[in-house]
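# What follows is a predicted protein model with its sequence.
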Amino acid sequence: MKRRVAITGLGVVSPLGNDVATTWDALVAGRSGAGPITKFDPAQLPVRFACEVKGFEPLRYMEKKEVRRYDLFAQFSIGASVQAVSDACLEKTGTVDPKRVGVIIGTGTGGIATFEENMRAYVEKGPGRVSPFFVPMFMANVASALVSMRYGFQGPNYCTVSACASSGHALGDAFRLIRSGEADVMVAGGSEAAITPLAIASFANMKALSARNDDPATASRPFDKDRDGFVMGDGAATVILEDWDRAKARGARIYAELVGYAATADAHHITAPAPDGSGAQEAMRLAMQDAGIQPTAVGYINAHGTSTPYGDAAETAAVKAVFGDHARKLIFGSTKSMTGHLLGAAGAFEFAVCTLALHHGVIPPTINQFHVDPACDLDSAPNHAVRRQPEVALSNSFGFGGHNVTLAVRRVAA
């Protein structure tokens with residue numbers, strides 16, 4: 001018998017704020033997190049703006065020596081995970097059996113900033129200047145390892161790496177581990193800190209990024225006719241998933257219920273989606289089937305919606321194919337219009353947004369909607385939040401390589 005899975009804790013580090021409350025307020029207000037890059041001098045790059053995390057204070061979560069030894073993506077993940085564990089009231093001694101608690105943190109690039117820094121040191125100064133901490137700082141699984149060690153959680157512990165679907169897969173795997181009885185609690189999420197010269201140069205050269213250097217705040221415009229690419233974003237999100245009966249027995253606050261998960265592949269192209277969104281269609285259908293819900297129960301879809309010409313059109317076509325006439329009745333919006341694209345952290349962050357939308361009865365807007373694209377003509381809550389109480393929300397995450405993830409979350413009655 002499948003166990004139910006409750007969402008009992010959330011933690012966020014984002015371009016809009018370094019905690020859940022600040023980030024949520026900014027999302028509902030429709031604020032953009034984009035601005036000129038400040039982490040390094042971007043003068044030589046064709047794209048010189050991004051959605052950076054601002055004012056993050058790692059010493060709130062770790063010792064000074066740890067800050068020196070952890071890549072920024074791991075620092076973000078620790079920050080979000082500490083928030084989530086505290087939010088779920090799991091840090092108290094005796095609250096959980098550590099062998100029944102696991103950690104899965106997804107990332108697309110891992111410690112790419114550490115890689116670039118040490119490669120420069122090797123080329124310019126020789127092998128003796130490469131940090132002995134390079135490998136543990138760079139490896140993608142270090143975030144999940146560090147969170148596990150911080151709390152002594154000894155259950156399933158690993159990293160999912162599937163580009164922009166990474167943390168969607170992390171949450172889906174965690175969901176299945178609890179539902180099958182292999183774990184009671186899972187700390188699941190994603191983290192990314194890929195606003196670096198190498199990453200920006202690569203994405204810009206493949207023409208994936210918006211080139212609106214003169215107006216960063218309006219550059220990310222999913223579904224708009226004049227969209228010209230995505231905006232890079234950094235950040236992390238962690239979600240505490242818990243066996244429903246266990247959460248109820250300990251009196252935990254339950255935000256919502258994770259009810260369905262599906263993962264598919266386009267098997268089409270290394271970067272471009274299938275034009276008809278066939279892989280995305282299958283992911284949404286299977287997630288609803290897994291959840292045991294009908295399409296008419298879905299009131300909100302947090303789109304992958306990156307602001308790329310092909311991706312947005314393909315995803316819109318997929319939603320129309322799956323939902324038929326009901327596609328015109330739900331809200332199909334993209335919070336990437338405000339946060340930019342958090343790459344491997346996007347799935348977990350946007351799942352948290354879906355959870356908060358159900359919890360608060362408010363759907364954040366898709367900002368920067370100036371001219372409707374006829375191919376993307378569904379209701380995206382353009383430029384203003386909508387007060388609505390959907391029964392079910394879907395979170396879509398699609399990654400380079402044709403990876404597709406859909407997660408279904410259901411509202412908990414007050």
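That came through, no problem.

# Helices of the stretch 201-350 of the chain, residue ranges please.
For the stretch 201-350 of the chain, helices defined by DSSP state H, counting those that start in this stretch occupy the ranges 244-249, 278-291, 309-323, 336-339, 346-360.

# Can you tell me which of the ones you listed is most buried?
Of the helices of the stretch 201-350 of the chain, the one with the most neighbours on average (mean count of other C-beta atoms under 10 Å) is helix 336-339, at a mean of 29. C-beta here means a position set from N, CA and C on the backbone, and glycine is covered the same way.

# would you turn the helices of the stretch 201-350 of the chain into a markdown table with mean pLDDT and distance to D97?
Compiled in a markdown table, those are given as follows (pLDDT from 0 to 100; distance: least, C-beta to C-beta, whole Å):
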| stretch | mean pLDDT | distance to D97 |
| --- | --- | --- |
| helix 244-249 | 96 | 10 |
| helix 278-291 | 97 | 27 |
| helix 309-323 | 96 | 40 |
| helix 336-339 | 98 | 36 |
| helix 346-360 | 98 | 24 |
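
# Can you give me every residue that contacts the most centrally placed residue in the chain?
Central residue of the chain (C-alpha atoms, centre = their mean): A346, 2.2 Å from the mean position. The neighbours of A346, taking C-beta atoms under 8 Å, 6 or more residues apart in numbering as the test, are C164, S167, G168, G190, E192, G233, H304, K336, S397.

# Closest one of these to S144?
Nearest to S144 out of the contacts of A346 is G190 (C-beta to C-beta; 10.2 Å).

# what secondary structure does the closest residue to that closest one other than its chain neighbours sit in?
Of all residues not flanking G190 in the chain, S167 sits nearest, at 2.4 Å (C-beta to C-beta, 6 or more residues apart in numbering). Here S167 is helix, with the state taken from DSSP: H, G, I helix; E, B strand; the rest coil.

# likewise the one 4 residues further on?
The local conformation at L171, judged by three-state DSSP, is helix.

# What's the local residue count around it?
For L171, the neighbour count with other C-beta atoms under 10 Å is 32.

# who's in contact with it?
L171 is in contact with I104, A188, G189, V239, L241, L258, Y261, G347, A348, F351, L407, counting by C-beta under 8 Å, 6+ apart.

# about what we covered before: the residue nearest to the centre of the chain and S77: what is the separation?
A346 sits at a distance of 14 Å from S77 (criterion: C-beta to C-beta, to the nearest Å).

# do V28 as well
25 Å.

# Look at the two and report which has more neighbours.
S77 (36 against 19).

# on contacts alone, who are the packing partners of the helix or strand containing that one?
Using DSSP states H and E, S77 sits within helix 72-87. Applying 3 or more C-beta pairs under 8 Å, 6 or more residues apart in numbering; DSSP states H and E, one finds that helix 72-87 contacts strand 5-13, strand 101-106, helix 112-125, helix 142-151, strand 185-192, strand 235-243.

# and the fourth one, what's its mean pLDDT?
The one in question is helix 142-151. For helix 142-151, mean pLDDT rounds to 97.

# With the fifth one instead?
Averaging pLDDT along strand 185-192 yields 98.

# Report pLDDT for the nearest residue to K99 once chain neighbours are set aside.
Closest residue to K99 apart from its sequence neighbours, by C-beta to C-beta, 6+ apart: Q154 at 4.8 Å. Q154 is assigned a predicted lDDT (pLDDT) of 97.

# show me what contacts G311?
Contact analysis of G311 by C-beta under 8 Å, 6+ apart lists P273, H304, G305, F398.

# swap in V13?
Contacts of V13 by C-beta under 8 Å, 6+ apart are D19, V53, F56, F76, G79, A80, S191, G235, A236, A237.

# so how far is R60 from it?
Distance of V13 to R60, given as C-beta to C-beta: 11 Å.

# For stretch 400-408, what is the distance to the chain centroid?
Relative to the centre of its chain, stretch 400-408 is centred 12 Å away, using C-alpha atoms, centre = their mean, to the nearest Å.

# and what of stretch 143-153?
20 Å.

# ok, residues contacting that stretch?
70, 73-74, 77-78, 81-82, 85, 90-91, 98, 101-105, 107, 154, 157-159, 187, 191, 238.

# Can I have the buried ones of those as a PyMOL selection?
In PyMOL, selecting the buried portion of these, with burial taken from 16 or more other C-beta atoms under 10 Å, looks like this:
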select buried, resi 70+73+74+77+78+81+82+85+90+101+102+103+104+105+107+157+158+159+187+191+238
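
# Low-confidence regions, this structure specifically.
Counting by pLDDT under 70, the chain contains low-confidence ranges at 93, 414.

# ok, now with 90
Within the chain, the set of residues satisfying pLDDT under 90 comprises 1-2, 91-96, 270-277, 413-414.

# What residue spans form the domains of it?
Here the domain parsing of the chain from automatic domain parsing is 5-249, 262-407.
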